[in-house]
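Asks: Here is my input; please provide its structure:
(one chain, ligands or ions: 1)
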Amino acid sequence: MSKQPVKSTNTEGNIIEFKNVSIRQQEHLILQDVNFSVKPGEFVYLIGKVGSGKSSLLKTMYKELALNEGYGFVAGYPLKTIKDSQVPLLRRKMGIVFQDFQLLSDRSVYDNLMFVLKATGWKVKKDMDKRIRDVLSHVDMVHKGYKMPHQLSGGEQQRIGIARALLNSPDLILADEPTGNLDPDTSDELMQLLKKICISGNTVVMATHNYNLLKKFPGRTIRCEDTRLFESKQEEIEFDLLD
Ligand SMILES: Nc1ncnc2c1ncn2[C@@H]1O[C@H](COP(=O)(O)OP(=O)(O)OP(=O)(O)O)[C@@H](O)[C@H]1O
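Replies: Next comes the predicted model:
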């Protein structure tokens, strides 16, 4: 009998749910009383000052940081009880986009993407080629597969970072300061791309410092402050206080 695919949502219909979670780095308490949930298809910003815990929260979601206190559920998996052997399965349900792109500099765009497909169990060359073409087309980079990363602009490299995140058709995109190294126009283009990906059915959680983007592309905003999370209404965000 074939295995049923793991359902991405919990019984409450949430793709992410945290209840009474505390997050620590080493011994230090970074966030406490973390309670929030995200429905499939939502776009959620995570904001807060430098060191307020945005990356730590994202890392907890992709199981780079252990969740020891409270209940955490992400894309089908309970974070506290997930087995080590299941972590690759969790990671396949999500695409992660980093500020510094994290492309392998010694190989072409195509080979960067091929590397991830091979590492995640793809075997059939024809299917792999098609998937690479599809994700490159999604980010308008279909003719750049032969380029080396250093031959691309920062914005183009980040498009490849997003293409890589999409390879395994994830339900969830986690983006940690994806526009942090980009100029304002390129940041806008990236945002439009992430919004398009969200509209096509993905859930997106994006940590950002870029409050101009928040003004231009308003959305649900969760703020990390003084070790706690707060839902912020757009009009309540004191833009000048956050940088
Ligand atoms: N590996 C680590 N070991 C110990 N402490 C850490 C580690 N990583 C982060 N911290 C600390 O945890 C706190 C939260 O850091 P985190 O990176 O989550 O914040 P952030 O809001 O994402 O900040 P930034 O906006 O600068 O990326 C900071 O005080 C940081 O120094």
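Asks: Can you tell me the SS state at Leu65?
Replies: coil (DSSP: H, G, I helix; E, B strand; the rest coil).
Asks: can you tell me the helix or strand for the nearest residue to it once chain neighbours are set aside?
Replies: Closest residue to Leu65 apart from its sequence neighbours, by CB to CB, 6 or more residues apart in numbering: Lys59 at 4.3 Å. For glycine as for every other residue, the C-beta is placed from the backbone atoms N, C-alpha and C. Secondary structure assignment for Lys59, by DSSP states H and E: helix 54-61.
Asks: what does the protein have sitting close to the ligand?
Replies: 25-26, 30, 48, 50-56, 209, 224 (CB under 6 Å from any ligand atom).
Asks: returning to what we had before: what lies in contact with the helix holding Lys59?
Replies: Outside helix 54-61, the residues within contact range by CB atoms under 8 Å, 6 or more residues apart in numbering are 16, 21, 23, 25, 30-31, 34, 46-48, 65-67, 72, 74, 79, 94, 174, 176, 205, 207, 224, 229.
Asks: Quick check: PyMOL command selecting the buried ones in the residues of the chain next to the ligand.
Replies: Applying 16 or more other CB atoms under 10 Å to the residues of the chain next to the ligand leaves a buried subset, and the PyMOL line that selects it is:
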select buried, resi 30+48+52+53+54+55+56+209+224
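Asks: Strands along the chain, start to end?
Replies: 16-25, 28-38, 43-48, 69-74, 77-78, 94-98, 172-176, 203-207, 220-225, 228-232 (DSSP state E).
Asks: Extract the C-alpha trace of the longest one and format it as CSV.
Replies: Written as CSV, here are the backbone C-alpha positions of strand 28-38 (Å, rounded to 0.1, in the frame of the first residue of the first chain):
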residue,chain,number,x,y,z
HIS,A,28,19.4,32.8,26.7
LEU,A,29,15.6,33.2,26.5
ILE,A,30,14.9,34.9,23.1
LEU,A,31,11.1,34.6,22.9
GLN,A,32,8.4,33.5,25.4
ASP,A,33,4.7,32.9,25.3
VAL,A,34,4.8,32.5,21.6
ASN,A,35,1.2,32.0,20.4
PHE,A,36,0.2,32.4,16.8
SER,A,37,-1.1,30.5,13.9
VAL,A,38,-1.0,30.8,10.1
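Asks: Go ahead and measure how far it is from the middle of the chain.
Replies: Offset of strand 28-38 from its chain centre (CA atoms, centre = their mean, to the nearest Å): 18 Å.
Asks: Thanks again, I'm all set now.
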